[in-house]
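In: Please find the sequence and the predicted model below.
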Amino acid sequence: MIKTIDLHKSYDKLEVLKGIDLDIHPGEVVVLVGVSGSGKSTLLRCLNFLEVAETGTITIDGRPIDRKKDDLSKVRAEVGMVFQHFNLFPHKSVLENIMEAPLIVKNENKAKAKQLALDLLEKVGLSDKADVYPSKLSGGQKQRVAIARALAMEPKALLFDEPTSALDPELVGEVLQVMKELADEGMTMVVVTHEMKFAKEVADRIIMLDEGRIIEDADPDTFFNHSTNERTKQFLEMVNV
Amino acid sequence: MPEIFIRLYDVFMSTYEGFLKAVLITLEITAIAVVLGTVFGIIFALMKISRSKILQTIANLYITIIRGTPLIVQIMFLYFGITSIVVLSNFWAGAIALGIHNGAYIAEIFRGAIQGIDRGQREASLALGMNRTQTMRRIVFPQALRRAIPPLGNQFIITLKDSSLVYLIGVSELFGRANRAAASNFMQFETFLVVGMYYLVLVLIFTWLLKLYENKLNVDGS
Ligand SMILES: Nc1ncnc2c1ncn2[C@@H]1O[C@H](COP(=O)(O)OP(=O)(O)OP(=O)(O)O)[C@@H](O)[C@H]1O
Ligand SMILES: [Mg+2]
């Protein structure tokens, strides 16, 4: 579904990604872990071209993307993203937030876009909030709307960058629950998170990033219980599992 | 002491009919200048934050020249410049000159407002598949506009006062009217005091309206 070969990305002199080879299969849930600054966000952002990697190839659904020639908006429309700070549009109601991209990008007709938005709101358990503005929502509700908004584009894959890190502890569960349901439905997902319980229960694979390189790529059992990598062990001790 | 009040009263009573008409002209010229300035301002703000070096340079040049020269020079220059090319009333020449002048300041207002929008907004929009133009038009600009309204209101107040300078090209707005009244009634001190009060009252009204709007923004949140 998403494949990268030898991806390199630098900010000025600082090389953040030092050759990433990644192969994410359809329906797979990959959890990306690593210490702060290891390049997790940068990698996610390269996958939907919010950042442009200097070298290396990215293939989406079997199609290599040419960063210069291809319309990157079209690529982004196929790979959704959920942000740590939700980034809902404050000047639009919940329903308008969700309808915006289908209306503008896909030229969907209004009735259809609205029906889809209402269905998605029901899916994330927020049917009663359709006409509310984002400022009136709790963090957990905001993030669930953000997930519905990303789903409205019917993306082939969803990227999550620490979707629960900005939430009060008691609101984390409701967001993870929605993500778990998506995973069960077969959505392809790449998730950066510090929620190790989620990683254990939901991930098909766990990838550990360290100083811009992938140093571990294993199923959850191997990762948590049988890793021989020193950095991984240190990391697991630090997040205390 | 009471004498001055009597004279002020006389001046007020003998001028208010003309002055009130002139207030309308002042408000018209101000409104036109701010609307024109907003159009120019948005265009030049977008040029300034565009990725094109040429557009950036043009915008910078415009802003630097306008901000670096006196308004009175700009009015004279544009008045003689414009009217030598097309036939235009003094009123419109003055309004356009003020509009061009305002554009430079309003461009900076919009640039600041646009750049003040959290970059997460832009990223979320791009991540949904919207292109740069759609993102600006639908997501960033509407939010920037709300933020720009208080400083735009301020600019309106500044323009209201600046508009007095167009009396120099013969527009009969409030100050021009006062100037003529003073020359004929020989009570310069009293006349200019009265016209000063007119400007003060207008400015206070707009300041108050602006406050109302800002309070409403605060109540709405974000
Ligand atoms: N826009 C940028 N400009 C310059 N340097 C950046 C930029 N974004 C990230 N970096 C740097 O790149 C490195 C990797 O950052 P990144 O955000 O990808 O790490 P991360 O693994 O997501 O960390 P965290 O867990 O703190 O979110 C860091 O050293 C960071 O300072
Ligand atoms: Mg990060």
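Out: Yes, it's here. Ligands and ions are numbered 1, 2, ... in the order given.
In: got a list of contacts for the top helix by length along chain A?
Out: Taking DSSP state H as the criterion, chain A has its longest helix at helix A:169-184. Contacts to helix A:169-184, defined as C-beta atoms under 8 Å, 6 or more residues apart in numbering or on different chains, come from residues A:29, A:123-125, A:138-140, A:143-144, A:147, A:151, A:158, A:160, A:163-164, A:167, A:189, A:191, A:195, A:198, A:201-202. Every residue, glycine included, has its C-beta placed from N, CA and C.
In: mind listing which of these are in helices?
Out: A:123, A:139-140, A:143-144, A:147, A:151, A:198, A:201-202.
In: Closest one of those to A:L116?
Out: Nearest to A:L116 among these is A:L151, at 8.9 Å by C-beta to C-beta.
In: Cross-check the contact I'm expecting between that closest one and A:L121.
Out: No: using C-beta atoms under 8 Å as the test, A:L151 is too far from A:L121 to be in contact (10.4 Å).
In: Check which residues of stretch A:213-228 are buried.
Out: A:214-216, A:218, A:220, A:223-224, A:227 (16 or more other C-beta atoms under 10 Å in any protein chain shown).
In: Compute the mean per-residue pLDDT across it, please.
Out: Summarised as a single mean, pLDDT over stretch A:213-228 is 92.
In: which residues sit against it?
Out: In contact with stretch A:213-228 (C-beta under 8 Å, 6+ apart) are residues A:18-22, A:196, A:199-201, A:203-209, A:229, A:231-233, A:236, A:241.
In: Now with 6 Å, please.
Out: Stretch A:213-228 has contacts (C-beta atoms under 6 Å, 6 or more residues apart in numbering or on different chains) with A:18, A:200, A:203, A:206-208, A:229, A:231-232.
In: Need the CA coordinates for that stretch. CSV is fine.
Out: Output of stretch A:213-228 as CSV, limited to C-alpha atoms (Å, rounded to 0.1, in the frame of the first residue of the first chain):
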residue,chain,number,x,y,z
ARG,A,213,16.9,4.7,11.0
ILE,A,214,14.6,1.8,11.4
ILE,A,215,16.3,-0.4,14.0
GLU,A,216,13.5,-2.8,14.7
ASP,A,217,10.5,-4.1,12.7
ALA,A,218,8.7,-6.9,14.4
ASP,A,219,5.3,-8.2,15.5
PRO,A,220,4.2,-7.0,19.0
ASP,A,221,5.1,-10.2,20.8
THR,A,222,8.6,-10.2,19.5
PHE,A,223,9.0,-6.5,20.0
PHE,A,224,7.8,-6.4,23.6
ASN,A,225,9.0,-9.8,24.8
HIS,A,226,11.9,-11.1,22.8
SER,A,227,13.8,-8.1,21.4
THR,A,228,17.6,-8.5,21.4
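In: Check whether that stretch comes near ligand 1.
Out: No: where contact is defined by C-beta under 6 Å from any ligand atom, no part of stretch A:213-228 touches ligand 1; the two come within 12.2 Å at best.
In: what helix or strand is A:T4 on?
Out: strand A:2-11 (DSSP states H and E).
In: Enumerate the residues of chain A near ligand 1.
Out: A:11, A:14, A:16, A:34, A:36-42.
In: ok, which pair from the residues you listed is furthest apart?
Out: Spatially, the most separated pair among the residues of chain A next to ligand 1 is A:Y11 and A:G34, at 17.0 Å (C-beta to C-beta).
In: what does the model give residue 83 for pLDDT?
Out: No chain in the question, so chain A it is. Looking at A:F83, its pLDDT is 97.
In: The intended chain is chain B.
Out: 81.
In: distance of whatever residue of chain B ends up closest to chain A from B:R177?
Out: Going by C-beta to the nearest C-beta, chain A is nearest to B:G129 of chain B, at 2.6 Å. Look at B:G129 and B:R177: by C-beta to C-beta, to the nearest Å, they are 57 Å apart.
In: try A:G56
Out: From A:G56 to B:R177 the distance is 72 Å (C-beta to C-beta).
In: So the two - more neighbours on which side?
Out: For A:G56 versus B:R177, the count of surrounding residues by other C-beta atoms under 10 Å in any protein chain shown is larger for B:R177: 24 against 16.
In: Please look at that one and B:L20 and confirm they touch.
Out: No: counting by C-beta atoms under 6 Å, B:R177 sits too far from B:L20 to count as a contact (9.8 Å).
In: picking up where we left off before, so which of the buried residues of stretch A:213-228 sit within helices?
Out: Using DSSP H, the subset of those located in helices is A:220, A:223-224.
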